[in-house]
Every structure is written in C-alpha cells, then in structure tokens.
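Student: Please work out how this folds:
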Amino acid sequence: MGSEGPLPPPSVTVHVTGFKKFHGVAENPTETIVGNLVEYMKAKGLPAGLKLGSCTVLETAGDGALTMLYNVMASGVAAPANDSSSNEQVIWVHFGVNSGSPRFAIERQAVNEATFRCPDELGWQPHRLSIVPDDGGITKTRLTSCPIYAIFMLLKKKGFDVAISDDAGRFVCNYVYYHSLRFAEQKGHKSLFVHVPLFSKIDEETQMQFAASLLEALTLTM
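Tutor: Okay, here's the model as predicted:
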C-alpha cells in the first residue's frame, strides 16, 4: 500500500486551430494567430504544465474540411487523456472570427444545425441540416466541459474585453465546434471555441496576448 507514490504534476496539452479567409473576410485574423502562436509562446515562455500541441489552419468549409479536422484531432489521441499514470488533459481550442463583433467571445455550446448564410469556401451552403444526423434534430446542443466562467474571469482580470456567448452562429465555426465537442466527449478530451474580432477592431499584438492568456487560463483552471 502506498507504493505507487504521488501522481506526476498535471499537464495540459492544447491543440489549436484557426481558419483561412472566407466570403467577406479576405484576411482572417485567426490564420495569423494560429500561424504565429508557436513562436510567440516560445518568446513569451510557456506556463508551467502547458504543452502546445498542433497548430492548424483549416479551410473555412463544412463537410469539405472534415477529413482534415478529424485527421488533426486523431493525432491528439496518441496518449490516452486523463490516464492516471500521465495525469494529462487534452484540450482542443478553436479560434474563429466574428467580423461584426468588437470583443472576444468564449462559446459555451454548439448546435446540431448547419445553416450557412453564404456558401463556404468549397461551395457548400446547407440549410437547416443536422450536422450529425445520428444525434437527432437541429435543436440538439453540446456544451463545453471547460470551466468557462473561471476562464472568463481570469481574462477579464487581465483587462481583455471578453464575453461568454451561447450562440456560435450556424456557419462553419459552429459546424466545427459541434464535431469537436462530440469527438472530445468520445475521447475524454475537452473542446473550446473562441471568437475573435477583426484586427481593425482589436490589433494583432493584443490578440496574440489574448491567445497566450487564454492558454494560461486553461492551464490554471484544469
């Protein structure tokens, strides 16, 4: 008895995605954030207990981008999450842009509905379709298991203009988030979607600081 010894310190591995351009947004800030995140975090210094995993920029598309999304997420299952011997938590963080918003938004949920206001970048424009038909109708929701209020408070204390949102829209952001939440639940991971504004509303350096602070908040609250 007692021969096992203490568990190793908890570690959090965060995999991050963003999106390329799409109709009405010629330069997607999330492509820049995700593309620069590894070097930015190296220069800043990773918080204790945090491992930065993959950083992937996805096509702004629904069904056409699913193969890439699931390949990326499958790569994060190399080691079992929440295993008692590794004491590791895997989190998927997805950044998307809300071009009409002046602030950051932490998304609490995704809805099983695909209704695209315009065709995605591969020409698909579904209307009132279930994202995962096996889950039921378009009113089905999936909630993040991340402690979003604690994350929100940490970000507010750092001075960021951030809100908690219950509506990720019905476009590609919600589509990807729904699939990610479902995958995370199956694998024992966590998933979180965060909307950012355009760089014309909050500048690039502030948004990089926000992304770094979000990763730190996830590490502290897990």
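Student: Summarise which helices and strands the helix or strand of the chain with the lowest mean pLDDT is packed against.
Tutor: Here the helix or strand of the chain ranked lowest by mean pLDDT, DSSP states H and E is helix 66-75, holding a mean of 88. Where contact means 3 or more C-beta pairs under 8 Å, 6 or more residues apart in numbering; DSSP states H and E, helix 66-75 is packed against strand 11-19, strand 50-58, helix 172-187. C-beta here means a position set from N, CA and C on the backbone, and glycine is covered the same way.
Student: Just want the angle from the first one to strand 50-58.
Tutor: It stands for strand 11-19. Angle, strand 11-19 to strand 50-58, by axes from the mean of the first three to the mean of the last three C-alpha atoms, to 10 degrees: 20 degrees.
Student: In the sheet, which strands lie alongside strand 11-19, parallel or antiparallel?
Tutor: In the sheet, strand 11-19 lines up against strand 50-58 (parallel), strand 88-97 (parallel) (DSSP bridges).
Student: Flag every buried residue along the shortest one.
Tutor: Meaning strand 50-58. Neighbour counts over strand 50-58 (16 or more other C-beta atoms under 10 Å) mark 50, 52, 53, 54, 55, 56, 57, 58 as buried.
Student: Just give me the closest of the residues you listed to residue 137.
Tutor: Using C-beta to C-beta, residue 58 is the member of the buried residues of strand 50-58 that sits closest to residue 137, with 26.2 Å.
Student: In contact with the closest one, which residues?
Tutor: The contact partners of residue 58, taken as C-beta atoms under 8 Å, 6 or more residues apart in numbering, are 17, 18, 19, 20, 65, 68, 69, 176.
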